[in-house]
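Engineer: Next input, structure requested:
(one chain, ligands or ions: 2)
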Amino acid sequence: MKFVLSLFFLPAFAFALPSKEVQFELSLNKVIENATMPDVRPGMVVASPSRSNPDYYFDWVRDTALTYRALVDYYEIKKDSKIKSMIFTWIKAEAYRQNQPTFTGLGEPKYFIDGSGYTGGWGRPQNDGPALRALTMIKFARILLKEGNQDYVLKNLYHGVIPADSVIKKDLEYVAHHWRETSFDLWEEENGMHFYTLLSQHTALQEGAKLAKELGDIGASDFYEMQSNLIAQFIKSQFIDSEIGILTTIRRVNGGLGYKHSNLDVAPLLALIHTSPYQKIFSMRSAPVRKYIETLTNTFNNLYSINKAYPGLGVGIGRYPEDRYDGYQTSGVGNPWFLSTLALGEYYCHARSETKNLRYDEMVEKQIARVLFHSDRTGSLSEQFNHQSGHMQGARELTWSHNSFLTIMMRCQFI
Ligand code: NOJ
Ligand code: NOJ
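Structural biologist: Ligands and ions are numbered 1, 2, ... in the order given. Below is the predicted model of the structure:
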């Protein structure tokens, strides 16, 4: 009898869902693990420990900038000295990487784990990278200035000379001089002008202008601000759409991906949360954003049968409805992604703080519950979960999935 009982009870224990607080700790550990792999140049972050099917054992500028944005936010809250020293090591690695010869200069999206630029064929440049990296570093610079460490900031982060010899200034110069050019989108598939890239660039320049001014680099500050304003005008005049709210990409080079028709994508949502709380062009409750969020949610809710199977949970969100990348190859069918699903939850936290509407609290919890439900329940998060079965697939322990769990918890003030 005892035996039967334990057989009966064990799986229930083994597969109980972790609480969101427990998942936060597990995700933090996974992020730290992926950011400190022993065979990787110190400071660089692997996108996932997976070395084959798919091989994500590289450092992407975007993923790493977003990872460190979460760690900088965490440091700001907890003042954890171990995290602080990781951030210093990361800054060194970025300074090294910026000086590597690559095909597209700072627009190079992907690096080998020794810090040299990837040499194979790839969708390059991807001009969101330098903007995201600058945003993370500007935030850290502000924290250091508050702590009274201006020496480090002036020596390593922002120094007002041309040609630029400090990490933030190099990125700002790159962004200010290249934002008018097309580049590949964050999904590395389409060459064009993207809402995600432009909003990141706008915000980096806006915040960069403030930092430059504080540090006495007045001429540069004016220039960055002017470029930032020009980008804002461009976004407002080109990307607002009466049908879907916000467009993803315009001016596609050579037609882009033949099958990507709707121009609806989770990328604008990611842009809004990644540039928060700095960008002021769109409030989370503005008409185009609301329209866009509604279209995005309905589209994915109807597209994936797993959303119908568990209607009590939040909505599993993918990249874009026509997606064919299944985590292994591009001849498959797209799935919901953890980072997209969490992004919708994070959106509701912001919306909640703008309107105090209690209904949003429930939406946040539902998005988190959806993610925990499809995790393996021991804290693992891959890139995607299957649109029919709900099982995880694609790169395992994706850094960006875990990092999204960290940011939702911090933005919603659960931590
Ligand atoms: C890997 C890219 O990172 C992913 O975004 C893309 O969909 C596939 N390759 C196919 O191009
Ligand atoms: C594929 C995603 O499309 C891209 O955004 C990401 O940078 C890489 N995977 C690495 O995670």
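
Engineer: Tell me which helix or strand comes right after the host helix or strand of residue 224.
Structural biologist: Counting by DSSP states H and E, the element that carries residue 224 is helix 218-238. Next helix or strand after helix 218-238 toward the C-terminus (DSSP H and E): strand 240-241.

Engineer: now the helix or strand just after that next one, how far from the centre of its chain.
Structural biologist: Sequence order places strand 245-246 as the next helix or strand after strand 240-241, per DSSP H and E. Offset of strand 245-246 from its chain centre (Cα atoms, centre = their mean, to the nearest Å): 20 Å.

Engineer: any low-confidence regions in the chain?
Structural biologist: Across the chain, the ranges flagged by pLDDT under 70 are 1-15.

Engineer: What segments of the protein are strands?
Structural biologist: Counting by DSSP state E, the chain has strands at residues 59-60, 110-111, 183-184, 191-194, 240-241, 245-246, 249-250, 384-385, 392-393.

Engineer: Looking at these, which one is packed in the most?
Structural biologist: The highest mean neighbour count among these, using mean count of other Cβ atoms under 10 Å, belongs to strand 384-385: a mean of 28. (Each C-beta comes from the backbone N, C-alpha and C, glycine too.)

Engineer: That one packs against which elements?
Structural biologist: strand 392-393 (3 or more Cβ pairs under 8 Å, 6 or more residues apart in numbering; DSSP states H and E).

Engineer: Contacts (any at all) between ligand 1 and the strand it packs on?
Structural biologist: No. Legend: contact between strand 392-393 and ligand 1 by Cβ under 6 Å from any ligand atom is lacking; minimum distance shown is 13.7 Å.

Engineer: contacting residues around the helix holding residue 224?
Structural biologist: Here helix 218-238 makes contact (Cβ atoms under 8 Å, 6 or more residues apart in numbering) with 160, 169, 172, 175-176, 179, 193, 195, 198-199, 201-203, 205-206, 208-210, 212-213, 247, 250, 281.

Engineer: With stretch 200-213 instead?
Structural biologist: Residues from elsewhere that reach stretch 200-213 (Cβ under 8 Å, 6+ apart): 127-128, 130-132, 134-135, 138-139, 141-142, 158, 160, 168, 171-172, 175-176, 179, 218, 220-222, 224-225, 227-228, 231-232, 235, 271, 274-275, 278-279, 281.

Engineer: do that stretch and ligand 2 meet at all?
Structural biologist: No. Using Cβ under 6 Å from any ligand atom, stretch 200-213 stays clear of ligand 2, with a minimum separation of 12.9 Å.

Engineer: Counting neighbours, which bits of that stretch end up buried?
Structural biologist: 200-212 (16 or more other Cβ atoms under 10 Å).

Engineer: If we only consider those residues, which is nearest to residue 257?
Structural biologist: Distance to residue 257 across these (Cβ to Cβ) is lowest for residue 200, with 21.1 Å.

Engineer: got the contact list for the spatially closest residue to the closest one that is not a sequence neighbour?
Structural biologist: Spatial nearest neighbour of residue 200, excluding adjacent residues (Cβ to Cβ, 6 or more residues apart in numbering): residue 131 at 4.0 Å. Residue 131 is in contact with 171, 175, 197, 200, 201, 203, 204, 205, counting by Cβ under 8 Å, 6+ apart.
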